[in-house]
Every structure is written in structure tokens, then in C-alpha cells.
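**Student:** Whatever this is, show me its structure:
(one chain, ligands or ions: 2)
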Amino acid sequence: TGSTRPQRLLRAVQKNATQGDPQSVINAIDHFCRHKEWAMNVGDEKGSILDSVVSEVNPSTALELGTYCGYSTVRIARLLPPGSQLITLEFNPAYAAVAKQVIGWAGLQDKVQLVEGPSGDLIPQMKDLFGVQSFDFVFLDHWKDRYLPDAKLLEECSLLRKGSVLLADNVICPGTPEYLEYIRNSPRYESRYFKSHLEYTKVEDGLEKSVFLG
Ligand SMILES: O=C(NCCCCCn1ccnc1)c1cc(-c2ccc(F)cc2)cc(O)c1O
Ligand SMILES: [Mg+2]
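**Tutor:** Ligands and ions are numbered 1, 2, ... in the order given. Okay, here's the model as predicted:
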């Protein structure tokens with residue numbers, strides 16, 4: 001029984017990053033993924049776009065769908081103002097176990113609620129579980145065929161308010177055609193595409209930013 005890629009990524013963080021220093025955790029993961037083993041983190045190029053959108057929104061409550069190893073969780077949480085909360089949902093327990101330790105190494109555990117389970121079941125429980133009224137910011141980075149049903153579920157559960165921002169990863173690669181079709185043609189959203197590249201590669205990918213109009 002050997003180690004998994006997420007476990008090797010965590011070991012690289014523990015070896016090369018400084019505890020309590022989120023930027024060093026981000027740098028350690030990017031170095032590992034660029035020079036040792038590719039992994040499906042949003043990465044540094046799309047990560048800079050993520051940073052700029054998070055800084056612009058300055059969310060009090062944020063939701064991340066798809067934690068994986070916690071790379072984008074750390075990118076988002078390090079920019080959050082005091083007193084704000086990031087809830088991140090992960091289906092895969094092995095990923096969640098690694099992410100918990102990566103988030104802890106960055107010293108951001110007090111800003112993050114990591115919840116294990118299927119997003120389709122957890123989203124309707126957000127108000128009861130965490131007393132969330134609505135999300136100012138949502139980062140979609142989980143199963144690509146769940147982006148559309150989960151966006152509709154957020155609407156139906158009144159978890160979006162006028163001005164809420166959805167930012168979706170991988171809208172080109174692997175691609176989320178049904179989501180793009182819906183969100184770009186819906187009168188209830190104002191969308192913009194940020195052209196970039198698949199993490200650590202020259203392959204085209206991008207982020208779709210959509211503002212809910214209420
Ligand atoms: O599948 C992805 N993410 C979801 C992982 C599982 C989520 C589980 N979960 C969490 C919560 N609810 C469910 C993903 C894939 C790729 C990719 C691109 C090219 C390639 F050749 C191979 C892979 C790049 C990404 O940036 C990605 O995000
Ligand atoms: Mg992704």
C-alpha cells in the first residue's frame with residue numbers, strides 16, 4: 001500500500017511550507033504540481049484571477065464546491081476579512097482528510113468549515129447547519145456535471161442574493177457545457193469569461209464569473 005498523490009502533495013507542504021504562512025503553502029503546492037506531479041488544483045495562473053475576484057467581492061460568507069487538497073480553499077480564506085467564513089464541501093473523504101491538514105498548516109482553520117458529503121444533499125442544509133442567510137461568493141470546482149444542478153439548487157434554496165458572485169473553474173477543460181449554456185443565457189445572471197490555461201499546462205481553460213441579479 002503506497003501513498004496517494006494527495007498524501008504526497010501534503011508531505012511536500014509539510015516539508016517546504018512554513019506553518020501559519022498561507023502564501024508558502026500555495027507556493028509549495030504549485031512547485032510540487034509543476035515540477036513533481038500534476039494535480040487538479042486551480043493553480044497559480046487561474047488562482048490569480050480567483051484572488052482578484054475574491055478581493056473585489058470581499059465576501060462575509062463564501063462557499064466552495066470541491067475542496068480536493070485545499071489549495072483554492074487556502075487561496076480564498078487568506079483573503080477573507082476577519083469574522084467571515086468559508087464553507088467548503090468535499091465528497092471524497094480521502095481528499096477531505098488531506099485538505100483539513102493543508103488548511104491547518106496554513107493556519108486558516110478558524111475561517112474554514114470543511115464539510116464532507118454530496119453537495120446536492122448539503123446545500124439545502126446550509127441555513128440549518130451554519131445559519132447562512134445567503135452566500136456572497138461561490139467557487140464551483142467539483143464534478144463538472146454538478147455545476148448546473150447545484151447552481152439551480154442555490155437559487156431554489158434562496159442562498160443567492162442580488163449581487164452574489166458565482167465563479168466556475170474548468171468551463172473549457174474538462175468543460176461544463178450545460179452550465180455555460182444556462183448561465184450565459186439566463187436573464188438572472190450577468191456573466192464574463194476569463195480566458196486562462198488548465199493548471200500547470202498550456203492547454204486552454206478559463207473561469208466564468210456570473211453575478212446573480214436577483
Ligand atoms: O474533476 C475535477 N474536479 C472535481 C474533482 C472531484 C470532485 C469531487 N466532489 C467534491 C465535491 N463534490 C464532488 C477537475 C479535473 C481537471 C482535469 C483536467 C484535465 C484532465 F486531463 C484531467 C482532469 C481539472 C480541474 O481543475 C478539476 O477541478
Ligand atoms: Mg478545477
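**Student:** so what's the backbone phi/psi at the closest residue to ligand 2 within the chain?
**Tutor:** Closest contact between the chain and ligand 2, by Cβ to the ion, is at residue 169 (3.7 Å). Quick note: C-beta positions are derived from backbone N, CA and C, even for glycine. Here is the backbone geometry of residue 169 (degrees, to the nearest 10): phi -80, psi 160.
**Student:** contacting residues for it?
**Tutor:** 42, 46, 72, 139-141, 205, 207 (Cβ atoms under 8 Å, 6 or more residues apart in numbering).
**Student:** Out of those, which is nearest to residue 53?
**Tutor:** residue 207 (7.8 Å; Cβ to Cβ).
**Student:** who does that closest one bridge with?
**Tutor:** Beta-bridge pairing for residue 207 (DSSP bridges): residue 194.
**Student:** Count the neighbours of it for me.
**Tutor:** Residues lying near residue 207 (other Cβ atoms under 10 Å) number 23.
**Student:** which residues touch it?
**Tutor:** Contacts of residue 207 by Cβ under 8 Å, 6+ apart are 46, 49-50, 53, 167-169, 171, 193-194, 196.
**Student:** and if you look at residue 157?
**Tutor:** Contacts of residue 157 by Cβ under 8 Å, 6+ apart are 123-124, 126-127.
**Student:** Just the buried ones among the residues you listed, please.
**Tutor:** Using 16 or more other Cβ atoms under 10 Å as the burial test, those include 123, 126 as buried.
**Student:** Could I get the contacts of residue 157 in TSV, plus columns for distance to ligand 2, secondary structure and pLDDT?
**Tutor:** Formatted as TSV, the contacts of residue 157 follow (distance: Cβ to the ion, whole Å; DSSP: H, G, I helix; E, B strand; the rest coil; pLDDT from 0 to 100):
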residue	distance to ligand 2	secondary structure	pLDDT
123	19	helix	98
124	24	helix	98
126	22	helix	98
127	27	helix	97
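**Student:** Of the contacts of residue 157, just say which sits nearest to residue 109.
**Tutor:** Nearest member of the contacts of residue 157 to residue 109, counting by Cβ to Cβ, is residue 126, at 19.6 Å.
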